[in-house]
Each structure stands twice: as C-alpha cells, then as structure tokens.
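Novice: Below are the sequence and a predicted model; questions follow.
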Amino acid sequence: MTILAAACGSTTPAAVRHAATTTSAPPTTTTTTTLPSAVPTTVPTPVVAAVGWSAPLTTLPPVGGFTSVSCISDVFCLAAGGGSEEADAADSSGPGVVGSWDGATWATPVTYFPSPAGDNPPPWLPAISCTDGPLCWVTDGSGHTSEGNGTTWSSPTPLAGVPVAPPDPSDPGPGHAGARSAAVSCPTSAFCAYVDNTGHVAIWSGTAWSTPRAFTAPVGGSTVELYQSGRVGVSCPDPSDCTALVGDAVLDWDGSTWTSSAGPWGSSVTGDSAVSCPSAGICVAVRGTSVSVRSPGSGWSSPRAIDGNGHLDSVSCRTLANCTAVDAYGDVVQFTGGSWSPPHKVVPTPVGYAGDGVTVSCPSAQFCMVLTGDGDYATYQGASVASPTGATTAGPTAP
C-alpha cells in the first residue's frame, strides 16, 4: 500500500534521526491564516524528546492535512492526505495526495485523487497501507480505492455498492465533515482488507476488490447500519487473519468469511479506534485512554489505561512485546521491556488540522514514524528490546 508524504520544510534539518535530550522550552506554533497553504501549518521549536526520537520536523502540506502514514522500512514511508478533512481550520475540500519519504526528505506530494468537480465527492480521511514491492493502496471514507507504488497511482475507483440497513440515527450522513472514515491493511502484494466506519468490509485478492459486506447493529428496537463516529482500524498479519474495529464491534476475517463479535470496551466508550495484530490471533487495540490485548484462547483483556491524555489515535506493534501508540496531542506511549512508558511528546499538538488524527507506523522494532495532520513528524531509531520470559503471553496487558 502507499503512504502519502508532504514536502519538507526548509527551516529544520530533514535528516535528523536522533535527538539528544535538550533543555528547550515546550513547543510553540505559528498558525497560518489560510489553509490549506504552501507553507508549514506549524513551525515547531524543538521539544524535549525521549531517547531514540528525533527532534520534531515539519513538512509542507500544500493541499490539506495528513491522515495516514505507512512505512515499509526506515528509508521508505508514504503519507496520505488532502481531500475533505475532518476538522481543519479552513474546512478544506481539495485533491487527495500521496507523498514519499526516503529516509531524509519528503518528495513533493503526488495527486492520486483530483480536486472534486460537480457532484463528485472528495476523498474523506484517506488511509494508506504499503507492502514490499512497493505496492500500496489508498482507501477513504467515500469508498474509493487507488493502487500505487509511491510515484504513480491508479485512478480512484469506487467499491461496488451493496444494499445496507437504515443508517444509524447518530450518523450525520456522508455529506457531513468527518462522517466517513476508512482503514486498510495489506500484508502482501496480493491481499488487502478494507473497513469503513459504517461497518462495510471488503477484500482485495490481487485482481479486484470484493463487493463490500455490510454489518449491522441493534439500535433501540431497530437493526440499523453499524456506525462509529471517528476513525476505525483494521490489521492483517496474513491473508487468512484480519481484525477490524468499528465502535464496539470486532469484525474478523478467517480467509473466507467475515464474522462479528463484541469488543472489549462497551458502548459507553466513544472515540477513534485503532488495532495492530503482529501475528495471527494476537492483536493490540487502543481506544480513548486504554489498551486491550487479544491472545489465542483468551479473548480480549479488560481495557487498561495507558494514556491519561485520552484520544489514542493509532498503534503499531512489531511483536506483542514491542508496541507504540500515539494520541491526538502528539504524545507516544511505548511498550518495550515489559511495560508501557508514560506519555511523552515527540511532535507538537496539531493546530491547523487538529481533527485529522496523529498516525504511527513501525516497520521494525528499530524504526517508527509519527506524523500529524499538520505535517509535523518525528522518527524513532532504536535497538530491538529483548522481552522478558513470558512477555509474549503477558504482553501489553502486564503494566
């Protein structure tokens, strides 16, 4: 799958990987008056970075915020953005773009989804997933998909329509900003899984996308379209094992069909969902302030608070003993060596595109990238952490 990138700001060295502990003041930001713009939405000053994290750097998002990043190595990341964003300052509605990062700088973003014209909807909160090749897919909440390699992209194609149940009464509809989001996961070049926040799932088998299957949920005395406000998550360690989260519903793919079961949080917890499954049957999910872990034969653990800030947006796990989660304020929590770290800020809190989310991608235990909607990013370089005996079973639930 492809990752979108933005052009890199010239005021901060782009090749910085490691940041020595500094005594500088907390980050300050200067917000432009018009968005989207061809200048940085924020100009961060260095923050006190955790060991292994670079100083925060800035990109140039000329057509909107970034909503998803995917890295296949420490020298290849793609970021997706643009389109109709959830809560940016200018309520942007422009082309969807993808940018690539080569380990030092971001290339000028490439348009994969032209500016909307007439009744054509813009892409909503695009998501990206890449695998070796490279081969990437960008999907979005308007039900469009686009395949690329970081440079060239297919024209966005809508998924086939499918009859659905009546909409959830809390769903503001597809024309409402932030009403639609999607997620995609591609473990191989011949398989991807898609989910959106209205409970539709689809599979790409190497030649075509399947007709989406719709899931429903009881609301009051009716059966209506499954719906979650905000971003959703899906993760596939291999083509025969995928897990998606939509609200408190867990949707599982076993290689031939999708099934639905109850999630660990209950209907009282709202907000974005994210999940990362490092191996078959093992998943780490975050929502709100807490994490829950599923292991074979044990189901989901009771949610455990790991970030008092709340608004956990994204999680990436190379193994059950090595996970990184990030919240909407640019803070990360890391599970290494048997415990979760306290939240620590690695990028400034988004200002211009505060509703577009913060995303993280860790292709190995030695490298991660965090990217905000504003285009601020930081990278992590570190050695593998040897997990203690039993960490595979205790994992992130142990702290």
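Specialist: That came through, no problem. Here the structure is a predicted model, which means the values were calculated and not measured.
Novice: and I128, that's in a strand?
Specialist: Yes: counting by DSSP: H, G, I helix; E, B strand; the rest coil, I128 is part of a strand.
Novice: Need the three-state assignment for the residue nearest to it when sequence neighbours are not counted.
Specialist: Leaving out its chain neighbours, the residue that sits closest to I128 by C-beta to C-beta, 6 or more residues apart in numbering is A80, at 4.1 Å. C-beta coordinates here come from the backbone N, C-alpha and C atoms, glycine included. Going by three-state DSSP, the secondary structure assigned to A80 is strand.
Novice: who does A80 bridge with?
Specialist: V98 (DSSP bridges).
Novice: Tell me which helix or strand T259 sits in.
Specialist: strand 258-262 (DSSP states H and E).
Novice: Just the buried positions in that strand, please.
Specialist: Of the residues in strand 258-262, those with enough neighbours to count as buried (16 or more other C-beta atoms under 10 Å) are W258, S260.
Novice: May I have it exported as CSV, CA atoms only?
Specialist: Taking only C-alpha atoms (Å, rounded to 0.1, in the frame of the first residue of the first chain), the coordinates of strand 258-262 have been written out as CSV:
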residue,chain,number,x,y,z
TRP,A,258,-16.2,-12.2,8.0
THR,A,259,-17.8,-12.6,11.4
SER,A,260,-18.8,-10.1,14.1
SER,A,261,-18.3,-10.3,17.9
ALA,A,262,-18.4,-7.8,20.8
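Novice: Distance of P166 relative to H144?
Specialist: Applying C-beta to C-beta, to the nearest Å, one obtains 24 Å for the distance of P166 from H144.
Novice: Settle it for me: which of the two has more neighbours?
Specialist: For P166 against H144, the residue with the higher neighbour count under other C-beta atoms under 10 Å is H144, and the figures read 24 against 12.
Novice: who touches the closest residue to the more buried one other than its chain neighbours in this structure?
Specialist: Take H144 and drop its neighbours on the chain: the residue closest to it by C-beta to C-beta, 6+ apart is P156, 4.1 Å away. By C-beta atoms under 8 Å, 6 or more residues apart in numbering, the contact list for P156 reads G96, Y112, F113, P123, V138, H144, T145, S146.
Novice: Can you tell me the closest non-neighbouring residue to the third one?
Specialist: Leaving aside its sequence neighbours, F113 sits nearest to G96 (C-beta to C-beta, 6+ apart; 3.1 Å).
Novice: Next: S279.
Specialist: Distances taken as C-beta to C-beta, 6+ apart place P237 nearest to S279, at 5.1 Å, with adjacent residues excluded.
Novice: Quick check: phi and psi on the one you found?
Specialist: When read as degrees, to the nearest 10, the backbone of P237 gives phi -70, psi -30.
Novice: what about it, how many neighbours?
Specialist: Other residues near P237 come to 18 when the count uses other C-beta under 10 Å.
Novice: follow-up on the earlier one: is it true that the residue nearest to F113 touches S84?
Specialist: No: using C-beta atoms under 8 Å, G96 is not in contact with S84, being 9.2 Å away.
Novice: And the two? Which one has more around it.
Specialist: Set side by side, G96 and S84 give different neighbour counts by other C-beta under 10 Å, the larger being at G96 (31 against 26).
Novice: Specify the local secondary structure of that one.
Specialist: strand.
Novice: Show me the strands in the stretch 1-150 of the chain, by range?
Specialist: Secondary structure of the stretch 1-150 of the chain (DSSP state E, counting those that start in this stretch): strands at 7-8, 57-60, 66-73, 76-84, 93-101, 110-113, 127-131, 135-139, 144-148.
Novice: In CSV: these, plus mean pLDDT and distance to D356.
Specialist: Formatted as CSV, the entries for the strands of the stretch 1-150 of the chain read as follows, by pLDDT from 0 to 100; distance: least, C-beta to C-beta, whole Å:
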stretch, mean pLDDT, distance to D356
strand 7-8, 34, 17
strand 57-60, 80, 13
strand 66-73, 95, 5
strand 76-84, 89, 8
strand 93-101, 87, 13
strand 110-113, 90, 16
strand 127-131, 96, 12
strand 135-139, 96, 15
strand 144-148, 95, 18
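Novice: circling back to that earlier point, would you mind measuring from the residue nearest to F113 to G143?
Specialist: Where G143 is concerned, G96 sits at a distance of 13 Å (C-beta to C-beta).
Novice: Ok, G355 next?
Specialist: Look at G355 and G143: by C-beta to C-beta, they are 21 Å apart.
Novice: Comparing the two, which shows the higher neighbour count?
Specialist: The neighbour count for G355 versus G143, taken as other C-beta under 10 Å, is higher for G143 (25 against 18).
Novice: Quick check, pLDDT for D168.
Specialist: The predicted local distance difference test score for D168 is 89.
Novice: same question but for G230, I mixed them up
Specialist: Residue-level confidence at G230 comes out at 88, pLDDT.
Novice: Let me know the secondary structure of it.
Specialist: In three-state terms, and counting by three-state DSSP, G230 is coil.
Novice: Can you tell me the closest non-neighbouring residue to it?
Specialist: Leaving aside its sequence neighbours, G230 sits nearest to D272 (C-beta to C-beta, 6+ apart; 4.2 Å).
Novice: Equivalent analysis for A262, please.
Specialist: Leaving aside its chain neighbours, A262 sits nearest to D248 (6.3 Å; criterion: C-beta to C-beta, 6+ apart).
Novice: can you check S235 too?
Specialist: In this structure, S235 finds its nearest non-sequential neighbour in C277, 4.1 Å apart by C-beta to C-beta, 6+ apart.
Novice: helix, strand or coil for the one you found?
Specialist: Criterion first, three-state DSSP; result for C277: strand.
Novice: Low-confidence bits of this protein, can you list those?
Specialist: Low-confidence segments of the chain, defined by pLDDT under 70: 1-51, 60-64, 86-92, 116-121, 175, 177-178, 383-399.
Novice: could you pull out the helices for it?
Specialist: Remark: helices assigned in the chain by DSSP state H are 391-394.
Novice: Verify the contact between T188 and T131 for me.
Specialist: Yes: the pair T188 / T131 is scored as a contact, 6.0 Å apart, by C-beta under 8 Å.
Novice: neighbour-wise, which of the two wins?
Specialist: A count of neighbours by other C-beta under 10 Å puts T131 above the other of T188 and T131, at 20 against 14.
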